[in-house]
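**Q** my questions are about this predicted structure, shown below with the sequence.
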Amino acid sequence: MKFIDIKNCYKVYKNGVTAIADLTLSIDKGEFVFVTGASGCGKSTFVKLLYREEKPTKGQVWVGGINVAKLYNSRVYKLRRKLGIVFQDFKLLPKLTVYENVSFGLENTGMKQKEIKPLVLKALERVGLKEKIRSFPNQLSGGEQQRVCIARAIVNDPKVLICDEPTGNLDPKTSKEIMKVIANINKEMGTTVITVTHDKEIVNSLKKRVITLDNGVLANDTMKGKYTADESN
(Lines give C-alpha, C1' and ligand atoms only; values in the text may rest on other atoms or scores of the structure.)
Protein backbone atom coordinates (compact mmCIF):
# COMPACT_ATOMS: atom_id res chain seq x y z
CA MET A 1 0.00 0.00 0.00
CA LYS A 2 1.19 3.53 -0.87
CA PHE A 3 1.57 6.23 1.79
CA ILE A 4 -1.70 7.80 0.60
CA ASP A 5 -4.12 5.41 -1.09
CA ILE A 6 -7.54 6.42 -2.39
CA LYS A 7 -9.69 3.71 -3.95
CA ASN A 8 -13.03 4.13 -5.76
CA CYS A 9 -13.84 7.14 -3.60
CA TYR A 10 -17.09 9.09 -3.88
CA LYS A 11 -18.24 12.13 -1.94
CA VAL A 12 -21.88 13.11 -2.41
CA TYR A 13 -23.16 15.97 -0.27
CA LYS A 14 -26.64 16.06 1.27
CA ASN A 15 -27.80 18.52 -1.38
CA GLY A 16 -27.08 15.88 -4.03
CA VAL A 17 -23.87 17.44 -5.39
CA THR A 18 -21.21 14.86 -6.27
CA ALA A 19 -17.89 16.47 -5.36
CA ILE A 20 -15.69 13.40 -5.89
CA ALA A 21 -16.61 10.57 -8.28
CA ASP A 22 -14.89 7.16 -8.40
CA LEU A 23 -11.48 8.62 -7.57
CA THR A 24 -8.59 6.17 -7.41
CA LEU A 25 -5.00 7.38 -6.96
CA SER A 26 -1.98 6.91 -4.73
CA ILE A 27 0.80 9.18 -3.49
CA ASP A 28 4.23 8.00 -2.35
CA LYS A 29 5.93 9.15 0.82
CA GLY A 30 7.97 12.27 0.10
CA GLU A 31 6.15 13.22 -3.11
CA PHE A 32 5.22 16.78 -4.02
CA VAL A 33 1.82 16.92 -5.72
CA PHE A 34 -0.21 19.81 -7.09
CA VAL A 35 -4.00 19.43 -7.18
CA THR A 36 -5.57 21.66 -9.83
CA GLY A 37 -8.90 22.22 -11.53
CA ALA A 38 -11.60 24.83 -12.10
CA SER A 39 -13.65 26.23 -9.23
CA GLY A 40 -16.08 23.62 -7.93
CA CYS A 41 -14.14 20.69 -9.40
CA GLY A 42 -13.64 18.97 -6.02
CA LYS A 43 -10.14 20.17 -5.03
CA SER A 44 -11.04 21.32 -1.53
CA THR A 45 -13.22 18.27 -0.92
CA PHE A 46 -10.30 16.09 -1.94
CA VAL A 47 -7.98 17.50 0.73
CA LYS A 48 -10.77 17.60 3.34
CA LEU A 49 -11.11 13.85 2.85
CA LEU A 50 -7.40 13.47 3.62
CA TYR A 51 -7.55 15.28 6.95
CA ARG A 52 -11.00 13.91 7.80
CA GLU A 53 -12.93 17.17 7.66
CA GLU A 54 -15.22 15.14 5.39
CA LYS A 55 -15.89 11.41 5.18
CA PRO A 56 -16.27 9.61 1.85
CA THR A 57 -19.77 8.51 0.91
CA LYS A 58 -18.25 5.39 -0.59
CA GLY A 59 -14.75 3.97 -1.12
CA GLN A 60 -11.50 4.00 0.81
CA VAL A 61 -9.12 6.75 1.93
CA TRP A 62 -5.87 5.63 3.57
CA VAL A 63 -3.31 8.10 4.96
CA GLY A 64 -0.14 6.76 6.56
CA GLY A 65 -1.72 3.40 7.27
CA ILE A 66 -4.89 4.91 8.79
CA ASN A 67 -8.24 4.11 7.17
CA VAL A 68 -9.64 7.64 7.30
CA ALA A 69 -13.05 6.56 6.03
CA LYS A 70 -13.61 4.38 9.11
CA LEU A 71 -11.93 6.63 11.67
CA TYR A 72 -14.08 7.41 14.72
CA ASN A 73 -14.49 11.09 15.56
CA SER A 74 -12.74 10.48 18.89
CA ARG A 75 -9.63 9.26 17.04
CA VAL A 76 -9.36 12.02 14.43
CA TYR A 77 -6.77 13.86 16.54
CA LYS A 78 -4.36 10.94 16.01
CA LEU A 79 -4.56 11.45 12.25
CA ARG A 80 -4.26 15.24 12.50
CA ARG A 81 -1.03 14.94 14.50
CA LYS A 82 0.54 13.31 11.44
CA LEU A 83 -0.53 16.22 9.25
CA GLY A 84 0.30 19.88 8.82
CA ILE A 85 -2.34 22.07 7.17
CA VAL A 86 -1.88 25.51 5.62
CA PHE A 87 -4.94 27.53 4.60
CA GLN A 88 -5.42 30.46 2.25
CA ASP A 89 -6.73 32.78 4.97
CA PHE A 90 -3.92 32.23 7.52
CA LYS A 91 -6.14 31.53 10.59
CA LEU A 92 -3.61 33.10 12.97
CA LEU A 93 -4.65 34.09 16.50
CA PRO A 94 -4.40 37.92 16.49
CA LYS A 95 -3.62 38.38 20.18
CA LEU A 96 -0.72 35.90 20.18
CA THR A 97 2.83 36.58 19.01
CA VAL A 98 4.47 34.69 16.17
CA TYR A 99 6.15 32.39 18.69
CA GLU A 100 2.89 31.79 20.55
CA ASN A 101 0.95 31.06 17.36
CA VAL A 102 3.44 28.37 16.40
CA SER A 103 3.73 26.90 19.90
CA PHE A 104 -0.01 26.89 20.60
CA GLY A 105 -0.76 23.46 19.13
CA LEU A 106 2.16 21.81 20.92
CA GLU A 107 1.09 23.30 24.24
CA ASN A 108 -2.34 21.73 23.77
CA THR A 109 -0.73 18.28 23.58
CA GLY A 110 0.74 18.74 27.04
CA MET A 111 4.33 19.11 25.85
CA LYS A 112 6.61 21.04 28.20
CA GLN A 113 7.95 24.47 27.26
CA LYS A 114 11.60 23.32 27.35
CA GLU A 115 10.70 20.77 24.64
CA ILE A 116 8.54 23.20 22.68
CA LYS A 117 11.02 26.10 22.40
CA PRO A 118 13.68 24.42 20.19
CA LEU A 119 10.97 23.00 17.90
CA VAL A 120 9.32 26.40 17.44
CA LEU A 121 12.62 28.20 16.82
CA LYS A 122 13.67 25.57 14.29
CA ALA A 123 10.35 25.81 12.43
CA LEU A 124 10.55 29.63 12.31
CA GLU A 125 14.14 29.44 11.09
CA ARG A 126 13.05 27.13 8.26
CA VAL A 127 10.58 29.74 7.03
CA GLY A 128 12.94 32.69 7.58
CA LEU A 129 11.12 34.33 10.49
CA LYS A 130 13.28 33.65 13.52
CA GLU A 131 13.80 37.38 14.08
CA LYS A 132 10.02 38.00 14.21
CA ILE A 133 9.16 35.78 17.18
CA ARG A 134 7.83 38.66 19.30
CA SER A 135 5.78 40.27 16.52
CA PHE A 136 1.99 40.06 16.32
CA PRO A 137 0.12 39.05 13.13
CA ASN A 138 -1.01 42.65 12.40
CA GLN A 139 2.65 43.71 12.31
CA LEU A 140 3.45 41.26 9.52
CA SER A 141 2.98 41.34 5.76
CA GLY A 142 0.68 38.79 4.11
CA GLY A 143 3.67 36.72 3.04
CA GLU A 144 5.12 36.75 6.55
CA GLN A 145 1.77 35.70 8.01
CA GLN A 146 1.66 32.74 5.63
CA ARG A 147 5.19 31.80 6.67
CA VAL A 148 4.00 31.71 10.28
CA CYS A 149 1.19 29.38 9.17
CA ILE A 150 3.71 27.11 7.47
CA ALA A 151 5.93 27.10 10.58
CA ARG A 152 2.90 26.20 12.69
CA ALA A 153 2.06 23.38 10.27
CA ILE A 154 5.57 21.83 10.31
CA VAL A 155 6.53 22.38 13.96
CA ASN A 156 5.64 18.79 14.90
CA ASP A 157 7.48 17.36 11.86
CA PRO A 158 4.33 16.08 10.09
CA LYS A 159 4.38 13.23 7.59
CA VAL A 160 2.12 15.20 5.23
CA LEU A 161 1.84 18.94 4.58
CA ILE A 162 -1.51 19.89 3.01
CA CYS A 163 -1.66 23.38 1.53
CA ASP A 164 -5.10 24.59 0.41
CA GLU A 165 -4.56 27.58 -1.92
CA PRO A 166 -1.57 28.82 0.14
CA THR A 167 -0.86 31.70 -2.26
CA GLY A 168 -4.47 32.67 -2.96
CA ASN A 169 -4.24 36.00 -1.09
CA LEU A 170 -0.69 36.89 -2.12
CA ASP A 171 0.90 38.82 -4.97
CA PRO A 172 2.93 36.89 -7.62
CA LYS A 173 6.37 37.71 -6.15
CA THR A 174 5.35 36.70 -2.62
CA SER A 175 3.60 33.61 -3.99
CA LYS A 176 6.86 32.41 -5.53
CA GLU A 177 8.69 32.97 -2.24
CA ILE A 178 6.07 30.97 -0.32
CA MET A 179 6.19 28.09 -2.79
CA LYS A 180 9.98 28.06 -2.55
CA VAL A 181 9.64 27.65 1.23
CA ILE A 182 7.18 24.77 0.75
CA ALA A 183 9.38 23.11 -1.88
CA ASN A 184 12.38 23.31 0.47
CA ILE A 185 10.39 21.64 3.25
CA ASN A 186 9.59 18.81 0.86
CA LYS A 187 13.24 18.49 -0.19
CA GLU A 188 14.97 18.95 3.19
CA MET A 189 12.47 17.27 5.53
CA GLY A 190 11.17 14.60 3.17
CA THR A 191 7.62 15.73 3.95
CA THR A 192 4.89 14.64 1.55
CA VAL A 193 3.39 17.86 0.14
CA ILE A 194 -0.07 18.18 -1.40
CA THR A 195 -0.83 21.68 -2.66
CA VAL A 196 -4.19 22.80 -4.04
CA THR A 197 -3.73 25.76 -6.37
CA HIS A 198 -5.02 27.58 -9.41
CA ASP A 199 -1.70 29.40 -9.93
CA LYS A 200 -0.69 28.29 -13.41
CA GLU A 201 2.73 29.99 -13.35
CA ILE A 202 3.81 28.29 -10.12
CA VAL A 203 2.66 24.85 -11.26
CA ASN A 204 4.45 25.17 -14.59
CA SER A 205 7.69 26.48 -13.05
CA LEU A 206 8.09 23.78 -10.37
CA LYS A 207 7.44 20.80 -12.67
CA LYS A 208 6.05 18.51 -9.99
CA ARG A 209 3.34 15.86 -10.26
CA VAL A 210 0.05 17.49 -11.28
CA ILE A 211 -3.36 15.97 -10.53
CA THR A 212 -6.27 17.67 -12.30
CA LEU A 213 -9.88 17.20 -11.21
CA ASP A 214 -12.89 17.96 -13.41
CA ASN A 215 -16.33 17.80 -11.77
CA GLY A 216 -14.99 15.38 -9.19
CA VAL A 217 -13.40 13.07 -11.74
CA LEU A 218 -9.66 12.52 -12.18
CA ALA A 219 -9.03 14.22 -15.53
CA ASN A 220 -5.24 14.16 -15.58
CA ASP A 221 -2.34 12.81 -13.51
CA THR A 222 1.11 13.67 -14.87
CA MET A 223 4.59 13.46 -13.37
CA LYS A 224 6.56 16.69 -13.88
CA GLY A 225 3.36 18.03 -15.37
CA LYS A 226 1.94 21.39 -16.37
CA TYR A 227 -1.23 23.22 -15.48
CA THR A 228 -4.01 21.76 -17.65
CA ALA A 229 -7.17 22.80 -15.79
CA ASP A 230 -9.90 24.44 -17.83
CA GLU A 231 -10.80 27.54 -15.81
CA SER A 232 -13.76 28.28 -18.08
CA ASN A 233 -15.91 25.68 -16.28
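**A** Nice, I can see it.
**Q** what's the burial count for Leu93?
**A** 12 (other C-beta atoms under 10 Å). To be clear about C-beta, it is placed using only N, CA and C from the backbone, and glycine gets the same treatment.
**Q** how far away is it from Ala229?
**A** Taking C-beta to C-beta, to the nearest Å as the measure, Leu93 falls 34 Å from Ala229.
**Q** strands of this structure, start to end?
**A** Taking DSSP state E, the strands of the chain run over residues 4-12, 18-27, 32-36, 58-63, 66-67, 83-86, 160-164, 192-196, 209-214, 217-222.
**Q** what lines up beside the first one in the sheet?
**A** Each strand pairing with strand 4-12, determined using DSSP bridges, is listed with its direction: strand 18-27 (antiparallel), strand 58-63 (antiparallel).
**Q** which stretch among the ones you listed comes nearest Thr167?
**A** Closest to Thr167 of the strands paired with strand 4-12, according to C-beta to C-beta: strand 18-27, at 21.0 Å.
**Q** OK, contacts around the residue lying closest to Glu107 once chain neighbours are set aside?
**A** Nearest residue to Glu107 in three dimensions, chain neighbours excluded: Ile116, at 6.6 Å (C-beta to C-beta, 6 or more residues apart in numbering). Contacts here follow C-beta atoms under 8 Å, 6 or more residues apart in numbering; on that basis Ile116 touches 103, 106-107.
**Q** contacting residues for Trp64?
**A** One correction, residue 64 is Gly, not Trp. Shown in contact with Gly64 (C-beta under 8 Å, 6+ apart): 3-4, 79, 82, 159-160.
**Q** go on, Glu31?
**A** 3, 192-193, 209.
**Q** Lys70 too?
**A** So Lys70 contacts nothing (C-beta under 8 Å, 6+ apart).
**Q** so how far is Phe3 from it?
**A** Distance from Lys70 to Phe3, by C-beta to C-beta: 18 Å.
**Q** circling back to that earlier point, out of the contacts of Gly64, who's nearest Lys173?
**A** For the contacts of Gly64, the minimum distance to Lys173 (C-beta to C-beta) is 27.6 Å, reached by Val160.
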